[in-house]
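In: sequence first, predicted coordinates after that:
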Amino acid sequence: MSYPIVHSSGPITLVGGGQATSQDLAEALTIAPKLVAVDGGLHLAAASGAFPEAVIGDMDSAPPEALRRIPKARQHLVSEQQTTDFDKALRHVAAPVVLGVGFCGGRVDHQLAAFHTLLVHAQRPCILIAEREIILIAPPDIAVDTASGERVSLFPLVPVQGRSTGLQWPVDGLRFDPACFIGTSNHATGAMRLWMDGRGMLLILPRAHLAQVVAHFTDGGARWPAVPHP
């Protein structure tokens, strides 16, 4: 069982080593000011003048000169190699919701691994901030004030079903499966609401809805319960 390294009653920002800008990080920090650098994400944190509460990872890509400015008590080496640094960090923070900057773009294998981590830790809501979109595991029930014509994409990581209102192509009765049927490039007809019968659906929305989706979790909106360990 993982122990929390960083606790917060509000959102936490994780910064990774993928494609992101100082502006991306600044936007996240206005919503989630407590920062955790994920190994190589310390590059962007240092370049942006942001001082992290903690650095978590196997430390193979964290810049040594930046690490020297971080107190040893804030450096948390997690050396196992079965999981990614994003996984290591997400399972060691405790917050109502986490924002992830620097986990999209760049290497495709890293991005796919980040989506896998979202699924594995679906009980820990995390919103990845991409160049134009936000990406998260759809919770059991979520309403978003989308505008008519805005793109709403659904990509199943496992077989899953759900219901919707406010989508051009409703999802009711559809059996989503990554090997058979996906739901990318749908469009809103107005405010959208989505219900899912299980964890495992990536919800991809315009980045303009970041604050509202964060508020869903901080205001006590539906989320996936933790899965008991055998």
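Out: Great, that's in hand. Worth saying up front: this structure is predicted, and the values here are computed from it rather than measured.
In: what's the mean pLDDT across the longest strand seen in the chain?
Out: Ranked by number of residues, the top strand in the chain under DSSP state E is strand 183-196. The average pLDDT for strand 183-196 rounds to 98.
In: which secondary structure elements does that strand sit against?
Out: strand 141-144, strand 151-156, strand 162-167 (3 or more Cβ pairs under 8 Å, 6 or more residues apart in numbering; DSSP states H and E). The way it works is simple: take the backbone N, C-alpha and C, and place the C-beta from them, glycine included.
In: got these as TSV, with mean neighbour count, distance to residue 77 and mean pLDDT columns?
Out: Output for the helices and strands packed on strand 183-196, formatted as TSV (neighbours: other Cβ atoms under 10 Å; distance: least, Cβ to Cβ, whole Å; pLDDT from 0 to 100):
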stretch	mean neighbour count	distance to residue 77	mean pLDDT
strand 141-144	18	36	98
strand 151-156	20	34	98
strand 162-167	19	40	98
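In: which one of those strands lies nearest to residue 83?
Out: strand 151-156 (21.9 Å; Cβ to Cβ).
In: just the CA atoms of the closest one, as PDB, please.
Out: Provided in PDB are the C-alpha atoms of strand 151-156 (Å, rounded to 0.1, in the frame of the first residue of the first chain):
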ATOM      1  CA  ARG A 151     -15.900  18.500 -29.400                       C
ATOM      2  CA  VAL A 152     -16.400  15.900 -26.800                       C
ATOM      3  CA  SER A 153     -14.400  12.700 -27.300                       C
ATOM      4  CA  LEU A 154     -14.800   9.400 -25.500                       C
ATOM      5  CA  PHE A 155     -12.200   6.700 -25.700                       C
ATOM      6  CA  PRO A 156     -12.700   3.500 -23.800                       C
END
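In: direction included, what does it pair up with?
Out: Applying DSSP bridges, strand 151-156 is found paired with strand 183-196 (antiparallel), strand 201-206 (antiparallel).
In: hang on, the earlier thing: out of the helices and strands packed on strand 183-196, nearest to residue 115?
Out: strand 151-156 (8.4 Å).
In: got the angle between that closest one and strand 162-167?
Out: 170 degrees (axes from the mean of the first three to the mean of the last three Cα atoms, to 10 degrees).
In: contacts for strand 151-156?
Out: 133, 138, 146, 167, 171, 176-178, 181-188, 192, 200-206 (Cβ atoms under 8 Å, 6 or more residues apart in numbering).
In: are any of those residues buried, and which?
Out: Taking 16 or more other Cβ atoms under 10 Å as the criterion, what is buried in those is 133, 138, 146, 167, 171, 176, 182-183, 186-188, 192, 200-206.
In: could you export the helices and strands packed on strand 183-196 as JSON lines, including distance to residue 115?
Out: As requested, the helices and strands packed on strand 183-196 are exported to JSON lines (distance: least, Cβ to Cβ, whole Å):
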{"stretch": "strand 141-144", "distance to residue 115": "18"}
{"stretch": "strand 151-156", "distance to residue 115": "8"}
{"stretch": "strand 162-167", "distance to residue 115": "18"}
